[in-house]
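Enquirer: When you get a sec, could you give me coordinates for this:
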Amino acid sequence: MQNWQIKASLFLNYFVFAILLNSVGTVILQVQNNYGVTEGAASVLEAFKDLSIAIASFLVSSYIVRIGYKRAMLLALLVVTLACFTLPMVPSFWTTKLLFAAVGISFALIKISVYATIGLVTKDEKEHISLMNFIESFFMVGILTGYFVFSYFVDDNNPQSQSWLNVYWMLGSISFLAFLLLFTAKLDESQAKAENADVPPSDFSQMFKLLALPLVLVFIICAFFYVLIEQSIMSWLPTYNSKVLQLPTSLSIQMASILAGGSALGRGLAGIVMKKLNWYVVLSACLLISAGLVLIAIPLAEGAHDHVATGWGDAPMAAFVFPMIGLFLAPIYPAINSLILSSLPKYQHGLMSGLIIIFSALGGTTGSIITGNIFGAFGGKTAFYFSLVPIAILLIGLYFFRRLKQKHSA
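Expert: Numbers count the residues shown, from 1 in each chain. You can find the predicted model right below:
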């Protein structure tokens, strides 16, 4: 019973942070409308979020066993609750940056704790990869929900309206409810502490020793480029819909939800499919199909703005096709995360989770800033064609990851 309660808590925590973290694409569009900032300037919101995640992960991953996973998650939820309530009271581009910094720091605590806790509440590798996929799938459900929640508060008739900031009163309340649920849940962390007894929790060198392992190093490269692809598309899809496809603001945000919906479905299906099929074959096929979708979907944007769309029914085909890339990209990240974690002893899961989060955050920031600047200089279509480069690099990285995984398991 306690096991199910803590699992439910992990799902809800991820759901809350999914909405907050991935609202960055919507907020990038809104700060351009509200505060008159350029595409390049707006792209730094991704950096405030992701660099905060990376720095916090580096600083706390070695200490988190000492702090306790439950305490770390409770602290994160409390900080985010306060940050959400502050933004609508003090609206500005700077307070928006500070919100994403607070969300980033808090998510570092949440994600390290969630990843490490999965190892405590699962019995074997199959259960581990299954729970990982379902939790990551629920993360995408949170993103999907977030698009509709934010679009509800947007005023299409007044681009300068700050009514969308009222969404943070609701998000702060949900975060506080998540805090209360976790507070009443019980988590036995004795296994992690016992296995970690001979490894100094404050020794940062342990993290760098992990990074020196060839298997871990190649994994880090794969994780970096995956998140670079995902965030460059996710963060800029609302702006792409608005400025390239000429959709109304609220519709631009809503239709970006197709990406999240496809991702949620992709990760849910992957939890079933990869119990039967070889993970490398599945993930390689997903990347090849993703590249094909880029080549098919972006040319469809030509002439898409010849008529003004007012809703889903008359939106151009390009708005539906390109976001389906999420269905095929989504299984990659939870699968490789599970594979690397299940290859290591449980006492190293906290440190490994820290590395995952650090390099994922750096990949997200890099992807969003590069895409934002290409978008501003050469247009949205060129910016999204750029995704073919990291897709090719990731395909090569997975090949070497498989070879090293086979050697490690031998």
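Enquirer: What pLDDT is listed against N196?
Expert: N196 is assigned 48 on the pLDDT scale.
Enquirer: all helices of the stretch 101-250 of the chain, in order?
Expert: Applying DSSP state H, counting those that start in this stretch to the stretch 101-250 of the chain gives helices spanning 125-153, 167-184, 190-195, 205-211, 214-243, 249-255.
Enquirer: Which among the ones you listed is found nearest to P331?
Expert: When these are compared by C-beta to C-beta, helix 125-153 sits nearest P331, at 7.4 Å. Where you see a C-beta, it was placed from the backbone N, CA and C, and this is true even at glycine.
Enquirer: any idea of the mean pLDDT for that closest one?
Expert: Average pLDDT, helix 125-153: 78.
Enquirer: how many degrees apart are it and helix 214-243 in direction?
Expert: Relative orientation of helix 125-153 and helix 214-243, computed by axes from the mean of the first three to the mean of the last three C-alpha atoms, to 10 degrees: 20 degrees.
Enquirer: How far off centre is helix 125-153?
Expert: Relative to its chain's centre, helix 125-153 lies at 9 Å (C-alpha atoms, centre = their mean, to the nearest Å).
Enquirer: Which elements pack onto that helix?
Expert: Applying 3 or more C-beta pairs under 8 Å, 6 or more residues apart in numbering; DSSP states H and E, one finds that helix 125-153 contacts helix 2-21, helix 24-35, helix 93-121, helix 167-184, helix 249-255, helix 257-273, helix 332-341.
Enquirer: Tell me the buried residues in the fourth one?
Expert: Using 16 or more other C-beta atoms under 10 Å as the test for burial, helix 167-184 gives V167, Y168, L171, G172, I174, S175, F176, A178, F179, L182.
Enquirer: what's in contact with that helix?
Expert: For helix 167-184, contacts defined as C-beta atoms under 8 Å, 6 or more residues apart in numbering pick out 5, 8-9, 12-13, 15-16, 19-20, 70, 73-74, 77-78, 80-85, 87-88, 99, 149-150, 152-153.
Enquirer: same deal with the first one?
Expert: Among residues not part of helix 2-21, those counted as contacts by C-beta under 8 Å, 6+ apart are 49, 73, 76-77, 80, 84, 103-104, 106-107, 110, 114, 117-118, 121, 131, 135-136, 138-143, 145-146, 149, 171, 174-175, 178, 181-182, 184-188.
Enquirer: Report the mean per-residue pLDDT for that helix.
Expert: Averaging pLDDT residue by residue across helix 2-21 gives 79.
Enquirer: what angle do that helix and helix 125-153 make?
Expert: Inter-element angle recorded for helix 2-21 and helix 125-153: 40 degrees (by the same axes, to 10 degrees).
Enquirer: Buried ones among the contacts of helix 167-184?
Expert: Here, 16+ other C-beta under 10 Å leaves 9, 12-13, 15-16, 19-20, 70, 73-74, 77, 80-81, 83-85, 87-88, 99, 149-150, 153 buried among those.
Enquirer: show me where pLDDT drops low in this structure?
Expert: Applying pLDDT under 70 to the chain flags the ranges 1-4, 62, 124-126, 129, 188-205, 303-308, 409-410.
Enquirer: among the helices and strands packed on helix 125-153, which is nearest L362?
Expert: For the helices and strands packed on helix 125-153, the distance to L362 is smallest for helix 93-121, at 12.0 Å, taking C-beta to C-beta.
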